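Trainee: missing the sequence, but the structure's below:
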């Protein structure tokens, strides 16, 4: 499945807390890349000024060192941006219970976990959930006519852990787990975004 399809599936599943990651990264990239490019240009300009003096060989070495320094700066900024964007994603998800969309997100996470257990041939299940979700989960289960037992001993941003009654199959469908699973894809997506912003800045 392609990355856009994966991201679209995540959005469609009700994880509204992830919706602004790309926009946050784009804005951050514009600011950080602009500063990194300015620093890189200044390094090269200083090197050229120092290199005007004697010797073409020394001038070439000085310029090479300057370019390597500028690449290092941009590379470091790129990694910092990726880490910051992923941290921002976590920061957006952590307080999601206060958002009006959360009951729908929780409903989706519960149904996904139970559907995955069913696909493994495990119809009888139990849930582990955060006690802060007790009222919502009880209402969701009543709505669906389900009498699945729930242990409210979990501490998480949101979501549930579904287990087969025999304990052989566990489906972790918390928001932390979902973010961890898509992090490699997000890093690749944001890296590509960063590269586009960097090329655009260089063309200015």
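Mentor: Arrived safely. Note that this is a predicted model, so its numbers are computed, not measured.

Trainee: pull the contacting residues for residue 161.
Mentor: The contact partners of residue 161, taken as CB atoms under 8 Å, 6 or more residues apart in numbering, are 113, 127, 128, 129, 154, 170, 171, 172, 173, 174. C-beta coordinates here come from the backbone N, C-alpha and C atoms, glycine included.

Trainee: any regions of this protein where pLDDT drops low?
Mentor: When residues are selected by pLDDT under 70, those of the chain lie in 1-37, 39-40, 43-64, 66-78, 121-122, 190, 193-195, 197-204.

Trainee: so where do the strands sit in it?
Mentor: In the chain, the segments counted as strands under DSSP state E are 125-129, 150-151, 159-164, 170-174.

Trainee: pick the most buried one from those strands.
Mentor: Mean neighbour count, computed with mean count of other CB atoms under 10 Å, is highest for strand 159-164 among the strands of the chain, reaching a mean of 23.

Trainee: note down every partner strand of it and its orientation.
Mentor: Sheet pairing of strand 159-164 (DSSP bridges) gives strand 125-129 (antiparallel), strand 170-174 (antiparallel).

Trainee: dump those to a markdown table, plus distance to residue 149.
Mentor: Below are these laid out as a markdown table (distance: least, CB to CB, whole Å):
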| stretch | distance to residue 149 |
| --- | --- |
| strand 125-129 | 5 |
| strand 170-174 | 15 |
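
Trainee: quick revisit: any chance of a markdown table for the strands of the chain, columns distance to residue 135?
Mentor: Shown next, in a markdown table, are the strands of the chain (distance: least, CB to CB, whole Å):
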| stretch | distance to residue 135 |
| --- | --- |
| strand 125-129 | 11 |
| strand 150-151 | 12 |
| strand 159-164 | 14 |
| strand 170-174 | 18 |
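
Trainee: between the two ends of stretch 167-175, how far is it?
Mentor: The straight-line separation of the ends of stretch 167-175 (CA to CA, to the nearest Å) is 22 Å.

Trainee: now tell me what touches that stretch from outside.
Mentor: 15, 17, 93, 96, 105, 109-110, 112-113, 116-117, 120, 122, 154, 156-164.

Trainee: among the residues you listed, which ones are in helices?
Mentor: Counted as lying in helices by DSSP state H, out of the contacts of stretch 167-175, are 93, 105, 109, 110, 112, 113, 116, 117.

Trainee: next one: residue 142 from residue 177, what distance?
Mentor: Note on residue 142: its distance to residue 177, by CB to CB, to the nearest Å, is 26 Å.

Trainee: that should have said residue 88, apologies.
Mentor: Residue 88 sits 18 Å away from residue 177, going by CB to CB.

Trainee: and for residue 86?
Mentor: 15 Å.

Trainee: figure out which of the strands paired with strand 159-164 is closest to residue 150.
Mentor: Across the strands paired with strand 159-164, the minimum distance to residue 150, taken as CB to CB, is reached by strand 125-129, at 4.5 Å.
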